[in-house]
Each structure stands twice: as C-alpha cells, then as structure tokens.
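Colleague: Need the 3D shape of this:
(chains A, B, C, D, E and F, ligands or ions: 6)
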Amino acid sequence: MKFTTRKLVTIVGEAALESRLIRDVMALGAKGYTITDAHGTGPRNQRNGDLEGGNIKIEIVTDPETVDKIVEKLSTDYFPHYACSCWISDVEVLREDRY
Amino acid sequence: MKFTTRKLVTIVGEAALESRLIRDVMALGAKGYTITDAHGTGPRNQRNGDLEGGNIKIEIVTDPETVDKIVEKLSTDYFPHYACSCWISDVEVLREDRY
Amino acid sequence: MKFTTRKLVTIVGEAALESRLIRDVMALGAKGYTITDAHGTGPRNQRNGDLEGGNIKIEIVTDPETVDKIVEKLSTDYFPHYACSCWISDVEVLREDRY
Amino acid sequence: MFLEAALINATSAPVLAFVLGLVAVAVKSDLRLPEALYQSLSIYLLLGIGIKGGVALSEADVAEVSLPILGTLALGIIIPLLAFWVVGKITKLDTINRGALAAHFGSTSLVTFSAALIFLESQQIEYEGFVTTLLAILEIPGIVVGLLLASRGLGRGLDWGESLKEILTSKSIVLLAGGLVLGLITGSTGYEKVQPLFGGLFTGVLTLFLLEMGIVAGRRLPDVKQAGLGLVAFSLGFPLVAGTLGVVVGSLTGLGLGGSVVLGVLSASASYIAAPAAVRLALPEASPGVYLTASLGITFPFNLIFGIPIMLAVGQFVEGLGF
Amino acid sequence: MFLEAALINATSAPVLAFVLGLVAVAVKSDLRLPEALYQSLSIYLLLGIGIKGGVALSEADVAEVSLPILGTLALGIIIPLLAFWVVGKITKLDTINRGALAAHFGSTSLVTFSAALIFLESQQIEYEGFVTTLLAILEIPGIVVGLLLASRGLGRGLDWGESLKEILTSKSIVLLAGGLVLGLITGSTGYEKVQPLFGGLFTGVLTLFLLEMGIVAGRRLPDVKQAGLGLVAFSLGFPLVAGTLGVVVGSLTGLGLGGSVVLGVLSASASYIAAPAAVRLALPEASPGVYLTASLGITFPFNLIFGIPIMLAVGQFVEGLGF
Amino acid sequence: MFLEAALINATSAPVLAFVLGLVAVAVKSDLRLPEALYQSLSIYLLLGIGIKGGVALSEADVAEVSLPILGTLALGIIIPLLAFWVVGKITKLDTINRGALAAHFGSTSLVTFSAALIFLESQQIEYEGFVTTLLAILEIPGIVVGLLLASRGLGRGLDWGESLKEILTSKSIVLLAGGLVLGLITGSTGYEKVQPLFGGLFTGVLTLFLLEMGIVAGRRLPDVKQAGLGLVAFSLGFPLVAGTLGVVVGSLTGLGLGGSVVLGVLSASASYIAAPAAVRLALPEASPGVYLTASLGITFPFNLIFGIPIMLAVGQFVEGLGF
Ligand SMILES: Nc1ncnc2c1ncn2[C@@H]1O[C@H](COP(=O)(O)O)[C@@H](O)[C@H]1O
Ligand SMILES: Nc1ncnc2c1ncn2[C@@H]1O[C@H](COP(=O)(O)O)[C@@H](O)[C@H]1O
Ligand SMILES: Nc1ncnc2c1ncn2[C@@H]1O[C@H](COP(=O)(O)O)[C@@H](O)[C@H]1O
Ligand code: NA
Ligand code: NA
Ligand code: NA
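Modeller: Ligands and ions are numbered 1, 2, ... in the order given. Here you go, the predicted structure:
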C-alpha cells in the first residue's frame, strides 16, 4: 500500500453558499469534495443573529498549494461577510493522483 | 496566512443528548461547534441494545485546555451511562481568536 | 486522562454500498463505525456519470493493522468499480480497548 | 362475536401494515420510512388527535367530563404503583428498572389509542369525543410516578426541575395539549376547514405509521428472547389487568361502552415515545433493553392485535354487569 | 363588525397554529418540524397556489386582467421606493440596510397571502382567482428595486447578471410561475384530478406550515428588543400605508372588494423567503439582524393577526367611497 | 383521434409537472424535492398501487386472472432476451452492458404505469384492476434474465444467492407485493377507510413525483449526446416493439382494451429504480452512463409523453383486428 500525504480542508458555512463555494473551490484546483448537512454555532452567530437555516460542511482532500489558494479565497470573499469556519489537518491517501 | 494549531474534538452520541452536550461543552469554554446527524454501531450498542434513533456527531475546534475539560466531563457524566464515542486530532486554523 | 493513538479511516462512497461496506469493515476487525449522509464530486464522477443519489461517509476509529486490512479490501473490491474515496488520519482516544 | 371482532381488527389496513413491517424485518428487507417522514407523521397524528379532542371538548359539557377526568387521574397514579409492585413480584429487576417499567406502563401509547378508535368505528360503537383529553391526561402522571419510585434506588437525587420541564415541554405534550386548546378555540366551524387533512386522511396516515412501527418493533423482537420469562409474562399479563381496571373506572365514572373501552385500551397500553425519552435522560442507569423490549417489543404488538378486541369484550361484560 | 372579523381570523386553525408555535418557543419546547417537511410543505404551497392561479387565469379574460397587472407592477416599484425613503426618515440605518429593507417590504409573503384568502372565504367574500398572478408579479420587482437602491451605498458594483439569475431561477419563482403555466394549460378539467391534494388539503397544510412559522418567528422575537424603536415603528406602520395603497390601486384598476383586499395584503406583507435569500447572496454587507427581524419577527405576525382584517376594513371603507 | 388523446395526455397535470422539472434543469434552477419527500412519495406510490391491486384481485376470479399472469411471465422472459439481441445488433456494447440494458428494459417503470392508468381514466377506458398484479410480476424476471445474460461476459461468477435476495427483499418489491397481500386481505371494506389517502390524493402525489422525475431526467439529458446513435435508436424504438408485443399478449390472454394497453405500456417501459439498484450491486462492471441514460434519460420521457397514447392507438388497432 503506497500512502501519500495530503491536506484535508474542512469548511463550515451557511447552506446558501453551497454552489458558490463549490465553484470557487473547484476553480482553484481541488479534484473533489464531500458535503454533509450541518448546524452549529460560532462566535459570529451569537453576535448578530444571522440567517436561520442550516450550514453545510465541505471536506476537500487536496495538496498544500491548493489549500493555500482556498484559504486565501475564503479570507477575502467569505470570512468578512458570512458565517464561515475553516480548519485543516493532515491525511494520508492511496491513489495519489486523485487528490 | 497565519495558521495556528488547535485541537478538533469529535463526539458521537445519542441524539437525545444534543442539548445537554452543547450546554456542557459551551460552558467549559468552547467558542463554537458543528453538528451533523449520524448513525452507527459501537461496542456498547451491540451489548445491550440501546435506544433506537440516531446519533449526532459534534465537532469542536478548540484549545488543548478546553479539550481536557471536555474529555473530563464526558468521562464522568456521559461515558458510564450513554452510547458515546470521542476522538481528538490536530488541526490548523486561521483567525485564531475565534477558536 | 490516558490518551492512546489510533487511526481514523474516512470512506466516502455510493449510499447503495452501505450494508456491504459495514459488513466488510466489521469482519476485518473494526469495533465500531459512524455514518453520515453526504454528497459530492470526485474525479470518477465527472468521467462517467455514475448513479444519481447520495453518498455516505463512514468513519472508523481503529488500530493501524485493521486500517491496512480495510484499505486492502477497498483496493481490491471497491476502488475498481465504485465511486469511492478514502483518507486516513491520526487521532487520540480514551478507553483504548473500545477502538 | 369476539372472534369476529378480533378478525375485523386484525384485517384492518393499519394492523396489516404493522404485520407487513414485521415481515419486512423478518426477510431482512432494507425497507424503512425516512426519518423525516416518520417524524412528520407523528406530528400529524399528535396535532390532529389533539385538535379533534379539543373540538369534541368544546361541545361537551363540564358535568359529563369531570368525573372521567378524575378517574383517569386516579388511574395515572394507581397503574404505575401496581406495575412497580407486580414487576417486583415476578422478576428480579432492581428498583431502578422497576421504576422505569412503571413509568412506561403508567403512561400510554398514542398509536394503540388511535387503532382502538378506528376499531370502534368499524364496529359502529360510539365513544365520547373527549377521550382524547383522557389520553393527554394519562400521558404524564405515570411517568412522574415511575421516576419517583425509581429514584429511591438511585445513589444520587433526581433533578426534578429539569426532568419535569423536559417532560412537559416535550414535542408530544406540546402538540397534544396545544392541539386540544387549538381545537377548543377554533371549534367545529374552524375544524371543518382542516378536516380533509386531519380527519379524512387519518386512517391512511396511521397505516403508513404502523408500517414503520412494525419495522421498529420487529427489530426489537430478537431482544425478547433474552428478556426472561418474568418480563414477558408481565408485558402480556399486566395490560389485561390494567386494561380491565381502566374499563371499570370508565364505566363507574359514567363513560359509555365505547368510552370505557378506550379508557381500558389507554390503561393497557405502554408508552414507547414519551416515557423512553424521559427515562433515558432522567434515569440513564435503567436499561433500554428492559423497558423498550417490554413496551415496544411485546406489549405494543399484543395490544394492537389482541388487546383492543379483548378490551371490547371486557367492556361488554362489564356493561352486562350493569353497575 | 371589524372586531368580529378579526376574531374569526384570530381563531382560525392556521392562525392558532402560528400562536402555538410562538408558545412552543416561549416554553422552550424542542418542537420543530423536520427540515424536509418544512421544505415539502412550502413546495406544496407554492406549486398549488401557482396551479390554482393558472386555472383561474385560464378562465379570466384579458381585458379584466390587464389593468390590475399594470397596477401591481406600479406597486412593485413604488412600494420599495417609499420604504427606502421612510426608513431613511425614521431610522439611522445606512444605505445598504435601507435598500435591504426596501427589497423585503417591496416583495411579498406567500403565507400572509394564503391566510388572507382563507379569511376572505370564511367571510364569504369573493375574490378574483387571478390574484395569484398578482402575487407572482409583485414578488420580484421589489427585490430588484431594493438591490438597486442599496447598490448606491456599496463600494463595489453589484453582479447584476448573477443576482437576477439567482432570483429568477430560485425555487419559489420556478414553482410559482411554473405552477401558473401548468394551471393555465391543464385548465379546470386537468385541475379536477389534483384538486383533492392541492385544493382539499390546503388549509390543513397551511396550518402545519404556520406552526413552523410560529416557531421560526418566535425565535426572532428576542432580536426585536434590540431592534430600536424606529425599526419597530416602521415594521408596524409601513404595512398599513403600503396596504392601503394596494387596496386603492386594486379598487382603481377594477378589482372587486375581495381582490382589492388581497392586493392590499400583498402590498402590506414583507418577504421572508425570496428576499432574504437574494439579499444574503447579493448584498452580504446588509445585516440579517435588521431585515429578518423586521419582516419575519414583526411584520409577519402583525399582518397575520391584525393586518388581514384591517385590510378588509380599509377595503370596505374604500368601497364605500365608491370611486 | 390519436392526436387528441396525445394532447390530453400531454396536458395532464402529471405530465406537465414532468416538463416543468425538465425546464427547471434547463434554466439551472436550484429546484429539487427534498430527498426525504422523494422517498416518501415513492413509498406512497408503491404501497398504494399494491393495495389497490390487491383489492381488485380480491374481487377478480381465478379463471379471469390466470391467463394474463402466464402471458406476463412469458413477456418477462422474452422481452429481455429480445432486448439483449437487438442491442447486440445495433450497438457495439459488450456482453455486460447488453445484459444490463436487457435487465432494465425487461423490467418496468411504476410511474409510467401510473401515468397510463390516469390517462385511461381520463379517456374513460376501463381496465382490469388486477393489472397491478401484472406490474408486480413483470418487475422481477426481466432483471434476473438480464443478469443471467450479462454473467456470461463476466470473468467471475455472479453471487446469485445474494443478488436474488437483494432483489426480492428490496424496498420496492416488499412494498408492492406487501401492498398486494394487504389489499387482498383487507378487501374493499378495509380499503374504504384508507381511500382518501391512497385513492383521492393519487394523481396529485404523482404530479409532485413527476416534477422530481423531470429534474432527475433533465440532469441525464446531457449524457444523451454522448450515448451514440445506436443507443438512442434502441431507447426510442425498442419500447414500441416490446409495447406492441405486450398489447398483443394482453389481447390474446383475454384482457380488454384498457388492460391490453396497460400491459403494452408495462412492456414498453424500462426500469430506473429496481433494475439500476440490482445491476449496480451485482454487476458493477456495467456502466450507469449507458443503462441509466437509456432508461431514465430517453425511454422514460418518451413513454410518458408519446408512448402511452401510442400504446392506446396500437391497442385500438389490435382490437380492430379482432382475434
Ligand atoms: N470552534 C468551532 N468548532 C466547530 N465548529 C465551529 C466553531 N466555530 C464555528 N463553527 C461552525 O462554523 C459556523 C459559522 O461560524 P460563525 O462564522 O462564527 O457564525 C458555525 O455555525 C459552526 O457550525
Ligand atoms: N470505533 C469507532 N469508530 C467510529 N465510530 C464509533 C466507533 N465506536 C463507536 N462509534 C460511534 O459511537 C456511537 C456510540 O458507541 P457505543 O457507546 O459503543 O454505543 C456508535 O453508535 C458509533 O456511531
Ligand atoms: N478530493 C476529494 N476530497 C473530498 N472528497 C472527495 C474527493 N474526491 C472524491 N471525494 C468523494 O468521494 C466520492 C467518490 O469519488 P469518485 O470515486 O471520484 O466518484 C465523491 O462523490 C466525493 O464525495
Ligand atoms: Na398504560
Ligand atoms: Na409588500
Ligand atoms: Na419493460
């Protein structure tokens, strides 16, 4: 088994953002993503009562360069305006050319 | 991009526990959480046929001290009585004061 | 608190595979799993338009030997035919005999 | 005559759907109602039953209603005490699990109640519309008494404030009680507009719901084997005792044949929604493998198929005694 | 007479269910409709209203319809402009938030509309079937005008192409407009077959839907305290102004009493589905704490309980003037 | 006359809803029925059709039923063989994909069947109630024959035990067959109580369901371009051949005009629920891009809009031959 190291980016944000986030993430070079429905609370939520309705959690396994681009995009286009969280961890994958 | 290291605590437990778990976790200092619906099996489930109905998966990004407090609370109040799993991993975040 | 290191295997695949995947994973020695509904896209999806309908995400906390067996099984029985992704990361757990 | 009534009950669409659910589990089918549908149907049933009860109550007069309500309250206290005592006699369960069982058998099952109404209608036997009020009343005290009894076996105290709040504000109570008040206010003029949904579709929706209940109960069946003879005997025998008590109380407090039978079925039935939720949170030491197996795996199917026509027979017998 | 009408409205099952939802939040119940049910009911309402409107339109003649449509278009432009101006006068909100509010109050609320129809039916007041067409027409221009006004306060330009596309292809517009066309083509013969679902169950489904709306609105109530007096005054007073305008326009363009009242209610109502979705995406700088609190937390409950019978009174007054 | 019937079919609410779904995809709307609703509606359709078929069967006599059942069994074997052979002639697909297509076209589509019944009712043409039994019978053999044919192209053996178990215990078969038995036992007296749900709402529910089917089929349309002319020709032409065969068999085995047309539609239709599920698990080497594009992207819309009235024309022609 040949394992390769990749990064896992997890983004949690308002469900209404789904199509925009996917478009942006794929345009920046991700080769895939997995989405689950979620709900939650964060520091912003408690401050100004954002839109009701759920969140989505997007997980993207990709290489470090793409991670940087995604994080950059989030920082400029999403973090300032929308309820949106993001964290990154290390994962190992098989079939490295897929990620 | 300035990344900071945090811990990601994942708790899987009976859905009926949602409000209690959230109350406890936030009281111990977490600044946010994300919940998804889940189902599953574990060693306990198979032993004594707990309540039907789903699980929830709670994910909390926070600092190591809060992790310790959460784990402590789980060990005393939840593990003995309820179907409940927990695992912890390392993550990197931006905007460190949010977590 | 005594933490032990384990591996977290995340498998994302067509929902129709749920019962087969669970049967195989448990037969290989996993002591539990957690499933959430998901949807997503990957390199294969885009190629040949697989079945509509959702994915599931299976998470399994277990020891490295079992991980190897699971990954082996995926490589022979699932990867060639089905839309299916897998990644692995390190986690810490309490109550080590449960995982 | 009894056999005929039992047959009519057993071949009604809702009961057959329940059996279909059992069969689906037996043949290991992947059939399952989506969680959201199951929840939606139970919201529909609770709210709809509440509304219809409220409308009926708006047309009943206080004199007629008050005695049955008092009788029902008494049943809500006596039945769990009786259950606690009987379980102590015929099983080796500890105080906590005995209290948990008392909570379940002291409370009621909405679906058994609904099936009883449909059965009575198919037999053209009338019943007082305000029996729904009795359902709502019998739902809660049993749980409280059961928790009280169990708490004597606990090392720790029970958080009564939180437990009561959780029971009283639970989804089922809010829908049932809220529906009652809604029906009481809107009356039959207001009800007319929502009748096609809450009235016309009722039996059909119950049929779908019982399909899922059959699946859920069927998954519990393997646990019955491990339950022990005492628990099985209790789950089959106690409903008959409590049910007869209910019929008698109904008859003594002035209910007609139909109303007495309904009160009997309510007394005979065990809760598998409100009680487990409350017990799980307030009394985590009690084993779901005991209380759910008894109420959902044994008593519920038994009542649905046999208990309901038996209660009618009991009712007819009691009526014949003519007190 | 007005009080009587208001009472009939307030004691109808849908409005009582809304109040039950508010109560459920107040007692901190965990009651909530499953997300999938909520979405399913709203699909049902949108498509069903569309179809019925289309069927009615297929039977109306062009002459009768064209003036009211023109009047409605005019309202769709005037109301948001008026709202923008009034908000500027009585609050300190910036251009962006004023524009966002204009978008919400310029658009309409499907549920308020439906409740108005049920109310008129309970009062045996007839209305033109094609009022649904007016609903569909009034839905969009207000949002566009609101965004336009807000964009003057933006440092950046608005991506109009994308915004318009998102509004026009949004679920609610596709269902409503699609339903209209479907009803227009299938006509009353085709409608007959689906009447039991889309007609017979309508009030019942609306009752369930309003239960959830009560819960959603109830969760917004705490925000009202922080909203500031100006915003509260606007959310309560503006609907009366815009509503009266709507009634007058309806009357002038040839609608009968019922139709004029409906157009009044449409004008008085504020959007809390289409507008927030569009504003959130196109105008993220605007604060949902302002626009949702106003439209969903204040105006919606106000209209549902008081606005509808008030609009009838206004309609009767205007009719009395006899222009 | 044919054009008139085709028009009536095309302007019925269910078919228009299907077109609305296609349009929603074309304009890139986010409209989608919640997954739970889609699943709930399909449970409703399967169980309801099963029950109604069972009730009809309980009133039919054996003599009348047995020949059509035998004929349907024969069709269940002949059609997939024919499909396998035709696909071999006009496309370059390998044995595995040919077998997969045979499985799909050998099985049937519940929704096409339902639309055909509604169409016949709108034409006031009677059909035998037990045609639902024929639907249930035609559902399975085609899949088995298709898998059998495909397995000759596999390097490995097929796990027949597991595959058959998965097909026979699948949700759709349990609901359809279970509903049949339920209807058979409960009979028309029991059905009466659930008629408002399973009967009255049927066309309305089918309309909602077809909206989603339109969306699903619309998403498949882009794949049609890549499908190759042979596959498109097969998906459009084979239904006419198999359908005519079905009409003739129906007529020869004693079905009336309506029943023969239904059997024709069943034969013409291709499965897009049961067959894909079975093929995906038992035959992962087959490409969903081939079989789903054919059955769901081409044949289903074609049958829904054109196939159904064509089968009626065929039926009338065959009836005119008078054998
Ligand atoms: N510390 C955290 N841990 C896990 N999830 C979080 C955390 N903070 C925020 N979230 C998620 O991110 C969403 C947006 O957060 P916010 O931008 O603060 O509204 C919340 O609704 C949560 O689902
Ligand atoms: N090894 C594991 N990996 C992933 N999830 C687990 C594992 N063990 C238990 N779980 C989850 O934790 C829940 C509770 O486990 P238990 O307390 O054993 O009933 C299960 O229903 C699973 O969802
Ligand atoms: N790079 C990725 N990151 C996250 N999830 C992925 C990735 N690639 C594939 N997936 C998930 O795995 C599923 C199957 O992928 P595939 O086999 O390429 O169709 C997709 O539907 C996604 O949910
Ligand atoms: Na009881
Ligand atoms: Na308005
Ligand atoms: Na066929």
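
Colleague: for the host helix or strand of A:Gly13, packing partners?
Modeller: Following DSSP states H and E, one finds A:Gly13 within strand A:4-14. Contact here means 3 or more CB pairs under 8 Å, 6 or more residues apart in numbering or on different chains; DSSP states H and E; on that basis strand A:4-14 packs against strand A:55-62, helix A:64-73, strand A:84-93, strand C:84-93. No exception for glycine: its C-beta is placed from N, CA and C like everyone else's.

Colleague: Return the alpha-carbon coordinates of that strand using CSV.
Modeller: As requested, C-alpha coordinates have been extracted for strand A:4-14 and formatted as CSV (Å, rounded to 0.1, in the frame of the first residue of the first chain):
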residue,chain,number,x,y,z
THR,A,4,0.8,9.8,0.2
THR,A,5,0.3,12.8,2.5
ARG,A,6,-2.3,15.3,1.6
LYS,A,7,-4.3,18.0,3.4
LEU,A,8,-7.9,17.9,4.5
VAL,A,9,-9.7,21.2,4.4
THR,A,10,-12.9,21.4,6.3
ILE,A,11,-15.2,24.4,5.7
VAL,A,12,-18.4,25.0,7.6
GLY,A,13,-20.7,27.8,6.2
GLU,A,14,-24.2,28.9,5.5
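
Colleague: Which residue does the stretch 1-150 of chain D have closest to chain A?
Modeller: Nearest to chain A, among the residues of the stretch 1-150 of chain D, is D:Ala36, at 11.8 Å (CB to the nearest CB).

Colleague: on that earlier part again, wait, which of the helices and strands packed on strand A:4-14 is closest to D:Leu257?
Modeller: strand A:55-62 (55.1 Å; CB to CB).

Colleague: The helix or strand containing D:Leu101 near chain B at all?
Modeller: Element membership for D:Leu101 (DSSP H and E) is helix D:95-106. No: residues of helix D:95-106 contacting chain B under CB under 8 Å from any CB of the partner chain: none, with a closest distance of 11.5 Å.

Colleague: what's the answer for stretch D:152-172, then?
Modeller: No: judged by CB under 8 Å from any CB, stretch D:152-172 stays clear of chain B, getting no closer than 9.2 Å.

Colleague: what about that stretch, start to end distance?
Modeller: Between the opening and closing residues of stretch D:152-172 lies a distance of 27 Å (CA to CA, to the nearest Å).

Colleague: buried residues in it?
Modeller: D:154, D:158, D:163-164, D:166-167, D:169-172 (16 or more other CB atoms under 10 Å in any protein chain shown).

Colleague: Stretch A:54-65 too?
Modeller: Judged by neighbour count (16+ other CB under 10 Å), stretch A:54-65 contains these buried residues: A:54-63.

Colleague: now do stretch D:18-38
Modeller: D:18-25, D:29, D:31-38.

Colleague: Tell me, how many residues neighbour the closest residue to D:Leu20 other than its chain neighbours?
Modeller: Nearest in space to D:Leu20, with sequence neighbours left out and distances taken as CB to CB, 6 or more residues apart in numbering or on different chains, is F:Gly178 at 4.3 Å. By other CB atoms under 10 Å in any protein chain shown, the residues close to F:Gly178 number 26.

Colleague: ok, now which ones touch F:Gly178?
Modeller: Shown in contact with F:Gly178 (CB atoms under 8 Å, 6 or more residues apart in numbering or on different chains): D:20, D:23-24, F:47, F:50.

Colleague: I'd like to know how far the residue of chain A found nearest ligand 3 sits from E:Ala63.
Modeller: Each residue of chain A has a distance to ligand 3, by CB to the nearest ligand atom, and the smallest belongs to A:Gly32, at 2.3 Å. A:Gly32 sits 58 Å away from E:Ala63 when distances are taken as CB to CB, to the nearest Å.

Colleague: higher neighbour count, these two?
Modeller: For the pair A:Gly32 and E:Ala63, the greater number of neighbours falls to A:Gly32 (22 against 8), based on other CB under 10 Å.

Colleague: quick one, phi psi at that one?
Modeller: Recorded main-chain torsions at A:Gly32 are phi -180, psi 170, according to degrees, to the nearest 10.

Colleague: For it, which residues are in contact?
Modeller: The contact partners of A:Gly32, taken as CB under 8 Å, 6+ apart, are A:60-61, A:98-99, C:40-43, C:45, C:85.

Colleague: Please repeat the previous calculation with a cut-off of 7 Å.
Modeller: Taking CB atoms under 7 Å, 6 or more residues apart in numbering or on different chains as the contact definition, A:Gly32 lies against C:40-43, C:85.

Colleague: pretty sure the residue nearest to D:Leu20 belongs to a strand, no?
Modeller: No: according to DSSP: H, G, I helix; E, B strand; the rest coil, F:Gly178 belongs to no strand; its state is helix.

Colleague: where does it land on pLDDT?
Modeller: pLDDT for F:Gly178: 95.

Colleague: Skipping its backbone neighbours, what lies nearest D:Ile310 in space?
Modeller: Taking CB to CB, 6+ apart as the measure, D:Ile310 lies nearest to D:Leu240, with 6.9 Å between them; neighbours along the chain are not counted.

Colleague: Could you point out the helix or strand that follows the helix or strand encompassing that neighbour?
Modeller: Under the criterion of DSSP H and E, D:Leu240 resides in helix D:229-252. Counting by DSSP H and E, the next helix or strand C-terminal to helix D:229-252 is helix D:257-268.

Colleague: List the buried residues in the strand holding A:Gly13.
Modeller: Taking 16+ other CB under 10 Å as the basis for neighbour counts, the residues of strand A:4-14 that come out buried are A:6-14.

Colleague: so what's D:Ser267 up against?
Modeller: Listed by CB under 7 Å, 6+ apart, the contact partners of D:Ser267 are D:75, D:79, D:242-243, D:245-246.

Colleague: can you list the weak-confidence ranges in the chain?
Modeller: Picked chain A for this. Under the criterion of pLDDT under 70, the regions of chain A flagged as low confidence span A:1, A:45-53.

Colleague: I was thinking of chain D, sorry if that wasn't clear
Modeller: Segments of chain D classed as low confidence (criterion: pLDDT under 70) are D:323.
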